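In: just the structure for this:
(chains A and B)
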Number of protein chains: 2
Amino acid sequence: MSEEKKTSLQTEDFSAWYIDTIQKADLMDYAPVRGCIVFKPDGYELWEHIQAGLDRRFKATGHRNAYFPMLIPESFMQKEKEHIEGFNPELPWVTEAGGEKLEERLALRPTSETMIGHMYSKWIQSYRDLPMLLNQWANVFRWEKRTLPFLRTSEFLWQEGHTAHATQEEAEAETLQMLDIYADFAENDMAMPVVKGKKTPSERFAGAVDTYSIEGMMKDGKALQAGTSHYLGQNFSKGFDITFLDRDNTHKHVYTTSWGVSTRMIGALVMVHGDDKGLALPPKLAPTQVIMIPIGPPKLREKVMERFEPLRESLANAGIRVRADLREETPGWKFNEWEMRGVPIRLELGPRDVEANQCVLVRRDTGEKTPASLENIVARVKMLLDEIQINMYKKAHAFLQANCHLGVESMGDLQRHIASSESCGALAGWVLAGWCGDDECEAKVKAETKFTTRNIPFEAPVHKTTCIACCKPAKHTVWLARAY
Amino acid sequence: MSEEKKTSLQTEDFSAWYIDTIQKADLMDYAPVRGCIVFKPDGYELWEHIQAGLDRRFKATGHRNAYFPMLIPESFMQKEKEHIEGFNPELPWVTEAGGEKLEERLALRPTSETMIGHMYSKWIQSYRDLPMLLNQWANVFRWEKRTLPFLRTSEFLWQEGHTAHATQEEAEAETLQMLDIYADFAENDMAMPVVKGKKTPSERFAGAVDTYSIEGMMKDGKALQAGTSHYLGQNFSKGFDITFLDRDNTHKHVYTTSWGVSTRMIGALVMVHGDDKGLALPPKLAPTQVIMIPIGPPKLREKVMERFEPLRESLANAGIRVRADLREETPGWKFNEWEMRGVPIRLELGPRDVEANQCVLVRRDTGEKTPASLENIVARVKMLLDEIQINMYKKAHAFLQANCHLGVESMGDLQRHIASSESCGALAGWVLAGWCGDDECEAKVKAETKFTTRNIPFEAPVHKTTCIACCKPAKHTVWLARAY
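Out: Got it, this is the predicted structure:
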């Protein structure tokens, strides 16, 4: 009921467009607690579909869900040195409870390696107890300075997988398997192409031996780290003394992994597919896949409704998430409304359609408008949803390709590239670069250009031979980009 | 891997039996935070099935899920007087975050009326915005003095529905609808008969006008409040100024409800159906519905396995939650193990069965063992699961009936009833009593017998005419029982 406000254009002010869009599309609202948001029903339902898609994949690979306490004793956080250094500045602390001051402060979990490490040390005794493959769906807290709805909030929702293995090889294979699952989910369900790769040491998870990520490209050309998978080696098993009696009758420390995806996926969906009309949601995750709108003059409405309701039912019975908009607003108003909410298919039914035994289907992704016989409408709609899903992926993939720059060899090149994209209103996108492996070179690029190392891709389109910063021989080829 | 310890007998020490059983069946473990537990995979999977059964019912009645921040500013908690009085003693407080002392303390939510009330006051402007029907799945905190796994823990998981309506009638109807949904879920999915009724004022939710509950009977005869639905009137809408412009063009306060069910349902499942062999889980909620165990001598194993694996697949493909136990332990050891874990059906397959094209099905609820042709085994297993579900409800219902005492008229009667049940090792169960409506009479019964008023049932088997405590005319007929 707030006043109509002109929405910012995506191409003019991407940040303003993002904030306008998620609010107009009713995905979230700001909460009266610093850096927190409310996930409104359409935002939360996106998360429910994301959860379902991931949970199915986790279970199919032998993982089970569990739930661990949210409050973590301060002494636990201290047990892995890098871990506490990384997370300490962002922790909220419970210091009083039940009317008394606590003897030990309790952190609101920023992640659960420590709590789960403690429990694993109780549960794991023998090689027979391995591998231990658990996942948790939970809220977590990171009191960050700058927040942005869905992308960086004081409280957010996520899943965190935690596994323990008898050997390094098995733990490393698990780490990569979960990265593959994330990429498969992003590409097939979110229609978001991603680049898989290894993080550089400076971007590693606090306490990990290796961190891997999937990175997606948003429509402003910036990168978004959409999921991470960590090989933790024996760092946590040594900190928490998680040992097992192996087949050879010796006690050994287990090798652990952790991997997580969060509600920032909702932000990614908005930024990968949205446009000036609003959201555009991939069919597999859209809360409403088909919006049905009756058209034509009110006096002919009854005739239309005779077909309308059975049609809605047959679509719903086929498992399609369909919704009818029977409000009194004009069809034009409704078209805008549901385009803005990103519904993949609009189905219009008017008196002439009824006579011709057809309806009109309008695609959100292309705007294409085609009549469709009511005869085999369920199959037609299902096919169209599949088509849209694939087309959205293709569009996003073409966008990614178009904004990946392979010809940048030096800092001068990079600065010229950035300057020229800025001057002609083009996106700076991602830049493939050689890197000698030195932290200082990485820091220099960041300081001078705000481009950070996204990851060392498993499959680089070109292998770079010299470091972009120091011109010495490159050890790695990396993706550089501004990032969320 | 902990040493085998003799499990306590249910009839000898119910509390010890409960704790033994939930640990041996691997549902939970104690956590290193006061009053908190870890939900292990089998415990958490029970919760996942409970969630699915409830969520489906909530959505079918027009509710949608959302997610609100967990941290609640102290000033919010103060806005409804009774609410803060009720919850204040149990709150944990965040006082520091991000390295700084907070200006205002933040409570870990014990329930979200206040946070959601605040948001509703922003979102609700017109009668067109009503009814607002939201639900949240979340963790909540109540720092209680005495804790008991699943039944009363410092942190627990639950759902909390929060709705806002234009009229009192509509809000009251919603309150009762949700109570019916809880009862339907308890009886059909949990196989737990419940008594629906209204709570007495002393047992009301802090801030409610009316609280309704479903109460189940545990196998020690005690009552467990398994779900509550609150009609909140305008208490919270006045505290949080939630008003709307009605059709008559005047501003009015909305009427709100809230309703919740928690992970204590897991405890209820254990206590309603378990026995000295361990858990007994109703098929609709059991993580494993059918456990398959190959039998016969190892040298004939190969022949058995040829049929075993296709059989498992055909059951799994039919949507049955089936698991095969191929470990090296003896069949007898496995039988005990899976009985203890409460799996509804054990399927045995040995060499003679294979020759006869049959298997043996053993029911957890009755112990009955019958051969079944492999010809139509999927249909047979499905039918048997339904039969077990119904039989478990019938058994629990008969138990409830047998332990409801209708003939108690006075305090003397009640004390004699309690003394005589104790002396002969019988259960005191529930007692139907007349009540004058006076808080003092209710308090007297509680002080002298530890029997508390469970609820004023909608359908009392008998209507009592005199108050059990003061012998004056009864205003209500109530269920009295010791309770969790």
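In: from chain B, how far out is the closest residue to A:Leu279 other than its chain neighbours?
Out: Leaving aside its chain neighbours, A:Leu279 sits nearest to A:Gly342 (2.9 Å; criterion: C-beta to C-beta, 6 or more residues apart in numbering or on different chains). C-beta here means a position set from N, CA and C on the backbone, and glycine is covered the same way. Using C-beta to the nearest C-beta, to the nearest Å, A:Gly342 is found at 17 Å from chain B.
In: do A:Glu144 as well
Out: On the measure of C-beta to the nearest C-beta, A:Glu144 and chain B end up 8 Å apart.
In: please, which helix or strand holds that residue?
Out: Following DSSP states H and E, one finds A:Glu144 outside all helices and strands.
In: touching, it and A:Phe156? I think so.
Out: No. If you go by C-beta atoms under 8 Å, A:Glu144 and A:Phe156 don't touch, sitting 10.3 Å apart.
In: looking at those two, which one has more neighbours?
Out: A:Phe156 (23 against 14; other C-beta atoms under 10 Å in any protein chain shown).
In: A:Phe14: how many residues sit nearby?
Out: Quick note: A:Phe14 (other C-beta under 10 Å) scores 19 neighbours.
In: helices or strands next to the longest helix along chain A in the packing?
Out: Under DSSP state H, the helix in chain A containing the largest number of residues is helix A:377-402. Under the contact criterion of 3 or more C-beta pairs under 8 Å, 6 or more residues apart in numbering or on different chains; DSSP states H and E, helix A:377-402 touches strand A:210-217, helix A:264-273, helix A:301-317, strand A:345-349, strand A:358-363, strand A:369-373.
In: quick one: residues in contact with the helix or strand that comes right after it.
Out: Scanning forward in sequence from helix A:377-402 by DSSP H and E, the next helix or strand is strand A:404-405. Applying C-beta atoms under 8 Å, 6 or more residues apart in numbering or on different chains, the external contacts of strand A:404-405 come out as A:Met217, A:His417, A:Gly429, A:Trp430, A:Val431, A:Leu432, A:Pro461, A:Trp479.
In: among these, who's most crowded?
Out: Going by other C-beta under 10 Å, A:Met217 tops the contacts of strand A:404-405 with 30 neighbours.
In: tally of neighbours for the closest residue to it other than its chain neighbours?
Out: Leaving aside its chain neighbours, A:Met217 sits nearest to A:Leu400 (4.7 Å; criterion: C-beta to C-beta, 6+ apart). If you count neighbours by other C-beta under 10 Å, A:Leu400 ends up with 20.
In: now A:Arg56
Out: 12.
In: same thing with A:Ala433?
Out: Residues lying near A:Ala433 (other C-beta under 10 Å) number 28.
In: cool, and A:Cys441?
Out: 22.
In: can you tell me the element it falls in?
Out: Going by DSSP H and E, A:Cys441 is part of helix A:439-449.
In: so what does that helix touch, helix or strand wise?
Out: helix A:411-423, strand A:430-435, strand A:452-457.
In: next one, pLDDT for the residue nearest to A:Met217 please.
Out: For A:Leu400, the model assigns a pLDDT of 98.
In: correct me if wrong: it contacts A:Met218.
Out: No. The criterion here is C-beta under 8 Å, and A:Leu400 misses it with A:Met218 at 10.1 Å.
In: and the residue of chain A most remote from its centre, how far from A:Pro310?
Out: Here chain A reaches farthest from its C-alpha mean at A:Lys299, the gap being 46.8 Å by C-alpha atoms, centre = their mean. Going from A:Lys299 to A:Pro310 by C-beta to C-beta, to the nearest Å gives 21 Å.
In: which elements pack onto the worst-scoring helix or strand of chain A on mean pLDDT?
Out: Least confident helix or strand of chain A, by mean pLDDT, DSSP states H and E, is helix A:81-87 with a mean of 86. Packing contacts for helix A:81-87, counted by 3+ C-beta pairs under 8 Å, 6+ apart, involve helix A:74-77, helix A:235-239.
In: for chain B, find the nearest of those.
Out: With distances scored as C-beta to the nearest C-beta, the stretch of the helices and strands packed on helix A:81-87 nearest to chain B is helix A:74-77 (7.5 Å).
In: what comes up buried for the closest one?
Out: Neighbour counts over helix A:74-77 (16 or more other C-beta atoms under 10 Å in any protein chain shown) mark A:Phe76, A:Met77 as buried.
In: quick one: mean pLDDT over it.
Out: Rounded mean pLDDT across helix A:74-77 is 92.
In: name the helices or strands packed onto it?
Out: Going by 3+ C-beta pairs under 8 Å, 6+ apart, helix A:74-77 lies up against helix A:81-87, strand A:100-108, helix A:113-123.
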